[in-house]
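Participant: Provided below for reference: sequence and predicted model.
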Amino acid sequence: MADSRLITVPRVIVDVLASLSRAVGTPVMLAGGWAVHCRLALVNRMARPTEDIDVALRRGMRPARAALAAINAMQDDPQHAARLSGFPLIVDLLADDVDEALKAEPGLVRDVDGLQMMVPPFADLLAHRVELVTLDAEGVSTVILLPRAGALFASKLGCLYLEYREPRKKASDGLDALALLEAYGPTALAEDVARTPPERRALLATRLQGVGFSALAAQARVAGGEPYPEGAVAVAELVRLLRT
């Protein structure tokens, strides 16, 4: 059942996500900055503005290239293999295909129909720790899958380890991670990923300890944010809970 609380977003966001969901025949999964925006909105917190939409097509929604082509959504940008054209804003496709040997790292996957998608850090958590929510704009609504706050935190944290990621993107990743930690707290974030395999939680704990609060705070400041005073304690507590 969709969350009874409507999340208000710009009309263009509703229109794009509704169009994609109709094309593949089921609600798509929102990820990235707009997913963080929606998670924070559910607890009445403000989120940074973001220019693009990251949409994940889970395995059960694919192959989907023909369905997307039917709404004139094409992959024709040679510089961005996973990007969809045909929309009034940037749309990047993600997938939850995680190779056992490369679970910690993202990569590009190509479906049998040629559709290409990026696999983000901790894609398994993003894809399987989700719930249905309703997005609304000017009385027009659509239902989407929204990852839990803990899964979004894990993915944002993982992005800080990507060598190819642009500095401005890493800055927003750090800001988003701290915003989720402040809004939900370490206990809720740990509970969100409690049912995942112990090795995945251990990896998340190791990554978080490796980054530390100081680096997260530095990235957040670059993005224009101001880390909250209890952040260092919250990071340490989350590391402890993930290893429990």
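Facilitator: Arrived safely, thanks for sending.
Participant: Would you mind splitting this structure into its domains for me?
Facilitator: Under the assignment automatic domain parsing, the domains of the chain span 6-146, 148-242.
Participant: mean pLDDT for these: which is lowest?
Facilitator: Mean pLDDT values for the domains of the chain show the minimum at domain 6-146, a mean of 90.
Participant: what's the span of that one, first residue to last?
Facilitator: 13 Å (C-alpha to C-alpha, to the nearest Å).
Participant: got a markdown table for the domains of the chain, with mean neighbour count too?
Facilitator: For glycine as for every other residue, the C-beta is placed from the backbone atoms N, C-alpha and C. Converted to a markdown table, these look like this (neighbours: other C-beta atoms under 10 Å):
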| stretch | mean neighbour count |
| --- | --- |
| domain 6-146 | 18 |
| domain 148-242 | 19 |
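Participant: does residue 60 sit in a helix, a strand or a coil?
Facilitator: helix (DSSP: H, G, I helix; E, B strand; the rest coil).
Participant: OK, contacts around it?
Facilitator: Taking C-beta atoms under 8 Å, 6 or more residues apart in numbering, we find residue 60 in contact with residue 26.
Participant: shift numbering so it begins at 5
Facilitator: Sure thing, new numbering starts at 5, so read that last one as residue 64.
Participant: hmm, who's touching the helix or strand containing residue 243?
Facilitator: Counting by DSSP states H and E, the element that carries residue 243 is helix 235-246. Helix 235-246 is contacted by residues 182, 185-186, 189-191, 193-194, 197, 205-206, 208-209, 212-213, 216-218, 220-221 when judged by C-beta under 8 Å, 6+ apart.
Participant: again, only this time at 6 Å
Facilitator: With contact meaning C-beta atoms under 6 Å, 6 or more residues apart in numbering, helix 235-246 is reached by 185, 190, 193-194, 205, 208-209, 212-213, 217.
Participant: what does stretch 138-155 give?
Facilitator: Applying C-beta under 6 Å, 6+ apart, the set of residues contacting stretch 138-155 is 6, 10-13, 15, 18, 21-22, 31, 33-34, 39, 42-43, 129-130, 133-134, 136-137, 184, 188, 193, 196-197.
Participant: how about a cut-off of 7 Å?
Facilitator: The contact list for stretch 138-155 (C-beta atoms under 7 Å, 6 or more residues apart in numbering) reads 6-7, 10-15, 17-18, 21-22, 25, 31-35, 39, 42-43, 126, 129-130, 133-137, 184, 188, 192-194, 196-197.
Participant: That stretch spans what distance, first to last residue?
Facilitator: Stretch 138-155 end-to-end distance (C-alpha to C-alpha) = 19 Å.
Participant: Tell me where the protein has helices.
Facilitator: Taking DSSP state H as the test, the helices found in the chain are 15-28, 36-45, 69-73, 127-132, 153-163, 171-196, 202-226, 235-246.
Participant: okay, those helices in TSV with distance to residue 115 next?
Facilitator: What follows is the helices of the chain, written out as TSV (distance: least, C-beta to C-beta, whole Å):
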stretch	distance to residue 115
helix 15-28	12
helix 36-45	20
helix 69-73	7
helix 127-132	15
helix 153-163	21
helix 171-196	25
helix 202-226	25
helix 235-246	33
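Participant: OK, contacts around residue 190?
Facilitator: 238, 241-242, 245.
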